[in-house]
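[1] this one's sequence-less:
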Ligand SMILES: O=C(O)[C@@H](O)C(=O)CO
Ligand SMILES: [Mg+2]
């Protein structure tokens, strides 16, 4: 079975963020991921990771002003400077926390807009150039537009075309099984076809985005397929527990 990382933005939310690291370690996780770490100084996160003996596998670049509706900056031509600043901030956090994967969210824009397309490619080139010498990979993740209406990158084939077209050694696909199933289905064939460009995988049941096994897919079969395909990375558990986080970890014991 693959190795699982708890997503501390959605799991263990019964406590403040900084207290979730110890809770994840106590529950048996060796790694965690985060959506946005920026409310806390990087060294505060680093010391909680060290104290809990955890690896931080991935977090996102700043998405802009989430409360105002921003969902990333990469495809927004007028936010180029802000995007570039977010790369520098994320790389400083990555260095402090030993994180090797960063997800660059695209933003709310149309893929049919040539200016958005050009901005996106320029932003990804810039982020990869900055991240490469530091041993960091940049992820792009197709997100379903039921959850995020108007999101630029809502198609796995489009993401693959961008990654293959840019041909940057540290630009990879974040394959979130939850989004894949809602957008296209055909999860196993998708994993198989896209494996060479996959840099990170995330899981949640569909449609509720809860514990693996709680939805319409055979999530355990998907985990086995990841193993069979030779995926050696972490699987981020980006789900909202149905009840108390610890009470919903039976699926993890079953796959361990
Ligand atoms: O799937 C998601 O929503 C996340 O991976 C993310 O980073 C954006 O919220
Ligand atoms: Mg995701």
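    Perfect, I can see it now. Because the structure is a prediction, the values reported are computed rather than measured. Ligands and ions are numbered 1, 2, ... in the order given.
[2] my read: residue 62 touches residue 35, true?
    No: between residue 62 and residue 35 there is no contact under C-beta atoms under 8 Å: 10.5 Å. Backbone N, C-alpha and C define where each C-beta goes, glycine included.
[3] burial check on residue 164, number of neighbours?
    Using other C-beta atoms under 10 Å, residue 164 is surrounded by 11 other residues.
[4] which residues of this structure lie near ligand 2?
    With the criterion set to C-beta under 5 Å from the ion, the chain comes near ligand 2 through 176, 202, 238.
[5] show me what the first one is bridged to.
    Read it as residue 176. In this entry, residue 176 is beta-bridged to residue 202, by DSSP bridges.
[6] contacts only, for it.
    Residue 176 makes contact with 141, 142, 143, 201, 202, 203, 204, 238 under the criterion C-beta atoms under 8 Å, 6 or more residues apart in numbering.
[7] helix/strand/coil for the closest residue to the first one other than its chain neighbours?
    Spatial nearest neighbour of residue 141, excluding adjacent residues (C-beta to C-beta, 6 or more residues apart in numbering): residue 174 at 3.6 Å. Counting by DSSP: H, G, I helix; E, B strand; the rest coil, the backbone at residue 174 sits in strand.
[8] returning to what we had before: and residue 62 and residue 35? Which one has more around it.
    residue 62 (22 against 16).
[9] any idea how far the more buried one is from residue 72?
    Computed as C-beta to C-beta, to the nearest Å, the residue 62 to residue 72 distance reads 9 Å.
[10] can you pull the buried residues of stretch 148-160?
    Within stretch 148-160, the residues that count as buried by 16 or more other C-beta atoms under 10 Å are 148, 151, 152, 153, 154, 156, 159, 160.
[11] you'd agree residue 192 is up against residue 230?
    No: between residue 192 and residue 230 there is no contact under C-beta under 8 Å: 10.7 Å.
[12] looking at these two, which one has more neighbours?
    Counted by other C-beta under 10 Å, residue 192 and residue 230 do not tie: residue 192 has more neighbours, with 12 against 7.
[13] assumed that one was part of a helix.
    Yes: according to three-state DSSP, residue 192 belongs to a helix.
[14] thinking again about what came up before, which of the residues of the chain next to ligand 2 sits closest to residue 16?
    Among the residues of the chain next to ligand 2, residue 238 lies closest to residue 16 (C-beta to C-beta), at 19.4 Å.
[15] quick check: chain neighbours aside, which residue is closest to residue 118?
    Nearest residue to residue 118 in three dimensions, chain neighbours excluded: residue 77, at 7.3 Å (C-beta to C-beta, 6+ apart).
[16] follow-up on the earlier one: pull the most distant pair out of the buried residues of stretch 148-160.
    Using C-beta to C-beta, the buried residues of stretch 148-160 span at most 19.4 Å, a distance reached by 148 and 160.
[17] let me know whether the residue nearest to residue 141 touches residue 138 as I believe.
    No: checked against C-beta under 8 Å, the pair residue 174 and residue 138 is beyond contact range at 9.7 Å.
[18] in contact with residue 36, which residues are there?
    Shown in contact with residue 36 (C-beta under 8 Å, 6+ apart): 9, 59, 60, 62, 63, 66.
[19] mind doing that once more with 10 Å?
    Listed by C-beta atoms under 10 Å, 6 or more residues apart in numbering, the contact partners of residue 36 are 9, 17, 59, 60, 61, 62, 63, 66, 90, 93, 105.
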